[in-house]
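Novice: Fold the following.
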Amino acid sequence: MCFSAGASFSASVVLAVTGVLTLKKAEHKQQYLFASIPLLFAIQQFIEGFVWLSLSNTDYAFINTVSVYGFLIFAQVVWPFWLPLSILILEQKPIRKKVITYLTIVGGAVSVFLAFSLVYYHPLAQIVSCHIQYKLSFPLASFKFSEIFYFMPTVLPLFISSIKRMWVFGIAIFVSYVATEIFYTEFALSVWCFFAAILSVIIYYTISKITEGNRKDKMKQWWKE
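Specialist: A predicted model of the protein is given here:
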């Protein structure tokens, strides 16, 4: 599979539309953080489109640093904390909520560490075989098992959550992660984010199920009264 600026910009448009529809589908403010994920992915993919342009066209070289940092802020700082927090806010069952709280704390720590690293260690990006390879020189970046600390808060809450159909998104993200690590090892950061962005359209389905469940609960309560 070959990626490009066009692929990133096209994905951004689809995700932006999906994101707006998902936010409109949300009925309560507790759902907004989770429902906004496709829209945030749209912004992220739009930014990576400019990373592609800055690397492939010298006329856009001046936006390279800004676009690379913009993409990495989403990929490494926003998601480790935003995703578990958005699920934590939705969770109602005490035990599951407690576990997700711990994972959110882990995610927050990961976000802080990666934010610090982006400030003090300058990342670079290059196009290799139709993919963007991000070179991260900060501590632990090359440590074989460091990815588990990113994986825990961004994937596990999707399986721990009691929200109906949340596991569908979890399986999709997990399978895309495994596939990326196997087939796109050197470009995992860019490729997995692309797959995760596209798969975030599932959130529309998840929010729809939450809304449907809430309406059924209201109907049951109405009949009891």
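Novice: Which residues are in contact with Trp167?
Specialist: By C-beta atoms under 8 Å, 6 or more residues apart in numbering, the contact list for Trp167 reads 158-159, 161. The way it works is simple: take the backbone N, C-alpha and C, and place the C-beta from them, glycine included.
Novice: quick one: which of those has the most company?
Specialist: Counting neighbours by other C-beta atoms under 10 Å, Ser161 leads the contacts of Trp167 with 26 neighbours.
Novice: you'd agree that residue is up against Ile95?
Specialist: No. With contact defined as C-beta atoms under 8 Å, Ser161 does not reach Ile95; the gap is 11.9 Å.
Novice: list residues touching both of those two?
Specialist: Here Ser161 and Ile95 have no joint contacts, going by C-beta under 8 Å, 6+ apart.
Novice: can you give me the strands in the protein?
Specialist: 124-128, 131-135 (DSSP state E).
Novice: how about the first one: buried residues?
Specialist: When you say that, I think you mean strand 124-128. Residues Ala125 are the ones in strand 124-128 that count as buried (16 or more other C-beta atoms under 10 Å).
Novice: helices or strands up against the helix ranked longest in the chain?
Specialist: Secondary structure of the chain per DSSP state H: the longest helix is helix 94-120. Here helix 94-120 touches helix 79-90, helix 147-160, going by 3 or more C-beta pairs under 8 Å, 6 or more residues apart in numbering; DSSP states H and E.
Novice: rank the ones you listed by pLDDT, which is bottom?
Specialist: Mean pLDDT per stretch puts helix 147-160 lowest among these, at a mean of 92.
Novice: Enumerate the positions of that one that are buried.
Specialist: Those would be 149-158, 160, for helix 147-160 by 16+ other C-beta under 10 Å.
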